[in-house]
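Novice: Could you work out the structure for the sequence below:
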Amino acid sequence: MTVDDRFGPELEETRRNRLRGTVSEIVTDPVSDWATDFSHVDPQWAADPYPIQDDLRQRCPIAHTERFGGVWIPTRYEDVAAIAYDTDRFSSRAVVVGNVKPPRELAPVGGVPPISSDPPFHHDARKLLLPAFTKTAVARREASTRALCHELIDGLEGREVVDAAREYAQYIPMRVIADMLGFPLEDADRFQGFVENALESVNEPNEKRLERISELSDYLVAQIHDHLADPRDDLTTYLLDAELNGAKLDPVHVVGTMTLLLIAGIDTTWSAIGASLWHLAKTPADRRRLVAEPALLPTAVEEFLRAYAPVTMARLVKHDMHWNGVDMKADDWILLSFPAANR
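Specialist: As a prediction, this is how the structure comes out:
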């Protein structure tokens, strides 16, 4: 099989079939009780989840809901950490809680490896990406990233009010990830739509969700064909040439990993930057302290990432079991809220 043969017209249908699974009823009613009727798409949760998490941690540390086909949400650090590392009882084959639970056959690769992969596949898929994210590799991008940040800030000069999240934070990872993958920089604005479609359509009808996913897949496959015709020194060409166990990567693996790098790479970074700026905007004392003591910046960055952790991961229960006082059923979702654990 040649490289070109991997990315023919049948690839999209293969991907769509892999993403079909058990579909649950869509519920859009307001939450009645967070301990028994939880919903991570409820506007109240989106606006300020921390008081809800604090309340649950005290009265119901592992909450549950029948929405999305059944979800558990642990709020204590000990529980979140235990589940995150327990690959024997919990699967990573889907990492975003939604109304479609993908088939078990999707494991151990998952839809967006390596974040969706179970052992032993996870180890090899993760190791494959490490060269692109070494300290040396990242350092080579520092000057251009710093220049981009200055350019964005200079563009805000003279304005009294700006939306720092949309006009500053989100542009940084979109441009950096586009450059890493070797995508046209002028396409960066399209990535915002891809990210929002992927992460905000979890309560949409399945066909509509698949349609949005297909838009992103079509874009990525077009970029793959462009790289096949014109290879260059970037992460896309690296994935096309990479081998696992002596064979070229499965095309679904390639597209899934590119999806992960684009969506997760952008969303987590703009969320982390935006949340940090939001904290400094509403806490002038902290802002003044950092100006006066710039040596505190590394510590501040770590604390921002802890307090406003930009990642909420999912797991799926592998087998019926009694776990830390609750009866979990096979294929129940687990929503791992790292912000809840970190607080």
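Novice: Show the contacting residues for the residue nearest the centre of the chain.
Specialist: The residue lying closest to the centre of the chain (CA atoms, centre = their mean) is residue 264, at 3.6 Å. Going by CB atoms under 8 Å, 6 or more residues apart in numbering, residue 264 touches 112, 115. From N, CA and C alone the C-beta is placed, and that goes for glycine too.
Novice: secondary structure class for it?
Specialist: Classification of residue 264 using DSSP: H, G, I helix; E, B strand; the rest coil returns helix.
Novice: For residue 232, I want the exact helix or strand it lies within.
Specialist: If you go by DSSP states H and E, residue 232 is not part of any helix or strand.
Novice: just to revisit the earlier point, how far away is the residue nearest to the centre of the chain from residue 211?
Specialist: Note on residue 264: its distance to residue 211, by CB to CB, to the nearest Å, is 21 Å.
Novice: now residue 180
Specialist: In this view, residue 180 and residue 211 are 27 Å apart by CB to CB.
Novice: Same check on residue 77?
Specialist: In terms of CB to CB, residue 77 sits 38 Å off from residue 211.
Novice: next one: residue 242
Specialist: 30 Å.
Novice: try residue 151
Specialist: 35 Å.
Novice: So for the two, which sits in the more crowded spot?
Specialist: Using other CB atoms under 10 Å as the criterion, residue 151 and residue 211 rank with residue 211 on top: 14 against 11.
Novice: how many other residues sit next to the closest residue to residue 165 other than its chain neighbours?
Specialist: Distances taken as CB to CB, 6 or more residues apart in numbering place residue 274 nearest to residue 165, at 3.8 Å, with adjacent residues excluded. Residue 274: 19 surrounding residues under other CB under 10 Å.
Novice: What of residue 32?
Specialist: Residue 32 has 9 neighbours, counted by other CB under 10 Å.
Novice: And for residue 222?
Specialist: Neighbourhood size, residue 222 [other CB under 10 Å]: 12.
Novice: where does it land in three-state SS?
Specialist: Secondary structure, three-state DSSP: residue 222 is helix.
Novice: State the pLDDT value of it.
Specialist: In the prediction, the pLDDT value recorded for residue 222 is 95.
Novice: Kindly report the same for residue 2.
Specialist: Per-residue confidence at residue 2 stands at 44 (pLDDT).
Novice: how close does residue 130 sit to residue 241?
Specialist: 16 Å.
Novice: What residues are bridge-paired with residue 64?
Specialist: Counting by DSSP bridges, residue 64 is bridged to residue 72.
Novice: which residues touch it?
Specialist: Residue 64 touches 35-36, 38, 70-73, 326, counting by CB under 8 Å, 6+ apart.
Novice: Out of those, give me the one that has the most neighbours.
Specialist: Neighbour counts for the contacts of residue 64 peak at residue 73, which has 27 neighbours (criterion: other CB under 10 Å).
Novice: which residues does that one contact?
Specialist: Contacts for residue 73 (CB under 8 Å, 6+ apart) come out as 38, 40, 56, 62-65, 334-335, 337, 340.
Novice: For the strand or helix carrying residue 143, what does the pLDDT average out to?
Specialist: In this structure, residue 143 is located in helix 142-154 according to DSSP H and E. Helix 142-154 comes out with an average pLDDT of 96.
Novice: same question, stretch 237-249
Specialist: Averaging pLDDT along stretch 237-249 gives 94.
Novice: got it, and stretch 200-215?
Specialist: Mean pLDDT, computed over stretch 200-215, is 85.
Novice: So which residues make contact with it?
Specialist: When contacts are defined by CB under 8 Å, 6+ apart, stretch 200-215 is touched by residues 12, 15-16, 19-20, 23, 26-28, 41, 68, 96-100, 194, 197-198.
Novice: need the strands for the stretch 151-300 of the chain, in chain order.
Specialist: 243-244, 247-248 (DSSP state E, counting those that start in this stretch).
Novice: Please tell me how far the closest residue to residue 280 other than its chain neighbours sits from residue 269.
Specialist: Leaving aside its chain neighbours, residue 280 sits nearest to residue 287 (4.4 Å; criterion: CB to CB, 6+ apart). Distance, residue 287 to residue 269, by CB to CB: 21 Å.
Novice: who's more crowded, those two?
Specialist: Neighbours per residue, other CB under 10 Å: of residue 287 and residue 269, the larger number sits with residue 269, 18 against 14.
Novice: Now do the contacts for the more buried one.
Specialist: 172-173, 176, 310.
Novice: 7 Å instead?
Specialist: The contact partners of residue 269, by CB atoms under 7 Å, 6 or more residues apart in numbering, come to 172-173.
Novice: tell me the mean pLDDT for stretch 295-302?
Specialist: Mean per-residue pLDDT for stretch 295-302: 97.
Novice: Show me how far it is from its chain's centre.
Specialist: Offset of stretch 295-302 from its chain centre (CA atoms, centre = their mean, to the nearest Å): 24 Å.
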